[in-house]
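**Q** got a predicted structure plus its sequence, pasted below:
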Amino acid sequence: MTVQSSATDRSPIAVGDSRGDRAAGGNGHAGRTGTLLAGLGVVSFSLTFPATAWGLEGFGPWSLVSVRCVLAALLAGGALLAARAPVPERRHWAGLAVVAAGVVLGFPLLTTLALQTSTTSHAAVVVGLLPLTTAAFSALRTGSRPSRSFWAAAVAGAAVVIAFTVQQSGGALSTGDMYLFAALLICAAGYTEGGRLAREMPGWRVIGWALVLCLPLAVPAGAVALAIEPVHLTGHSIAGVLWVAAGSQFLGLVVWYRGMAEIGVARASQLQLAQPLLTLVWSVLLLGEHLPVAAPVAAVAVLVCIAVTQRSRTR
């Protein structure tokens, strides 16, 4: 996906739009393209926790988040300049601030703090609740009305994730889990607001301007954090920070928002039910973590929920 094609193709996002929601049922080229793009975003996001764990090998949590934000903002700013993207209108900045607070700063910081005590596989399963929270925020913010079958499948998928989490944590929630649940709420708000803004500007510009908006805060925060927290650069830590900055923070969100512009916020969010399962695989392959025995059962149940939500229509 190039900056040029993103900037010139202005398909409106299907938030609270029945025509867009019907396209999300899998019929037509727009629905297939949107599903593919949103799926690529999910694959990118599924690598975030393993990459963050790598980054924490050489950086402190505050340093990692601020450096990641600065690098992603520089990448986004360069893309905006190259495309000669117009500055957003004044009425858009409040929404961009919500995206910045939820997606650019809040979610990365809270999940990074959680990963100091939680394994990536455990964190990935907790964050599997993100599709349901995003759909709920979308319904409240935009007035969209997903069908009963949609909500039933979404709740079932969330129930699978909760049961899996409780089983793996021994029935007790830790401080890391509290960080993760807080991250869910603010990220869902950021996703929803970003999806709303993508009705009026290309999705890559939404995340691009949100990143640029954070730059004046991230630069001094990074300078302070790097001065306080020790840094031990390794191959893993460098690769980790580069991925979370370029892959997760910018390019992944570019295709994610573009996918939401095709198939709608609520339905695109359900693709993220597959994200914790993908992260489990990366955790085993990249970090050597033990794959929980219940993972294959959860995988089948979650994939069934995804299939149902993708075929459900909204009123």
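**A** Cool, the structure landed.
**Q** the closest residue to Glu200 other than its chain neighbours: neighbour count?
**A** Among residues not flanking Glu200 along the chain, His92 sits closest, at 7.1 Å (CB to CB, 6 or more residues apart in numbering). Quick note: C-beta positions are derived from backbone N, CA and C, even for glycine. Other residues within reach of His92, judged by other CB atoms under 10 Å, total 16.
**Q** assign His92 to helix, strand or coil.
**A** Here His92 takes the helix state, with states given by DSSP: H, G, I helix; E, B strand; the rest coil.
**Q** also the one 4 residues further on?
**A** The three-state assignment at Leu96 reads helix, by three-state DSSP.
**Q** so it touches Arg205, yeah?
**A** No - the criterion here is CB atoms under 8 Å, and Leu96 misses it with Arg205 at 9.6 Å.
**Q** overlap in contacts of those two?
**A** Shared contacts of Leu96 and Arg205, defined by CB atoms under 8 Å, 6 or more residues apart in numbering, are found at Pro88.
**Q** where in the stretch 151-300 of the chain is pLDDT low?
**A** Within the stretch 151-300 of the chain, the segments meeting pLDDT under 70 span 169, 172-173, 265-266, 269.
**Q** how about the helices in it?
**A** Under the criterion DSSP state H, counting those that start in this stretch, the stretch 151-300 of the chain contains helices at 175-197, 203-228, 235-242, 252-263, 265-270, 275-282, 295-311.
**Q** okay if I get those as TSV plus mean neighbour count?
**A** Output for those, formatted as TSV (neighbours: other CB atoms under 10 Å):
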stretch	mean neighbour count
helix 175-197	22
helix 203-228	20
helix 235-242	18
helix 252-263	28
helix 265-270	32
helix 275-282	22
helix 295-311	18
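**Q** of these, which is nearest Ser144?
**A** helix 265-270 (6.2 Å; CB to CB).
**Q** residue contacts, Phe49?
**A** Phe49 is in contact with 111, 115, 120, 123-124, 127, 279, 282-283, counting by CB under 8 Å, 6+ apart.
**Q** correct me, but Phe250 touches Val212?
**A** No - counting by CB under 8 Å, Phe250 stays clear of Val212, with 11.0 Å between them.
**Q** overlap in contacts, the two.
**A** Both Phe250 and Val212 are contacted by Ala76, under the criterion CB under 8 Å, 6+ apart.
**Q** columns distance to Pro216 on top of the contacts of Phe49, output as a markdown table?
**A** Listed next are the contacts of Phe49 as a markdown table, based on distance: CB to CB, whole Å:
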| residue | distance to Pro216 |
| --- | --- |
| Thr111 | 23 |
| Leu115 | 27 |
| Thr120 | 31 |
| Ala123 | 30 |
| Ala124 | 32 |
| Val127 | 28 |
| Thr279 | 32 |
| Trp282 | 33 |
| Ser283 | 35 |
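**Q** can you redo the helices of the stretch 151-300 of the chain as CSV with distance to Val70?
**A** Converted to CSV, the helices of the stretch 151-300 of the chain look like this (distance: least, CB to CB, whole Å):
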stretch, distance to Val70
helix 175-197, 19
helix 203-228, 5
helix 235-242, 10
helix 252-263, 16
helix 265-270, 28
helix 275-282, 25
helix 295-311, 35
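**Q** which one of the ones you listed lies closest to Ala158?
**A** Nearest to Ala158, of the helices of the stretch 151-300 of the chain and by CB to CB, is helix 295-311 at 8.6 Å.
**Q** so what touches the closest one?
**A** With CB under 8 Å, 6+ apart as the test, helix 295-311 has contacts from 24-26, 35, 125, 128, 149-150, 152-154, 156-157, 160-161, 164, 267, 270-271, 273-274, 276-277, 280.
**Q** how about stretch 162-170?
**A** 121-122, 125-126, 128-129, 177, 292, 294-295, 298.
**Q** cheers, nothing more for now.
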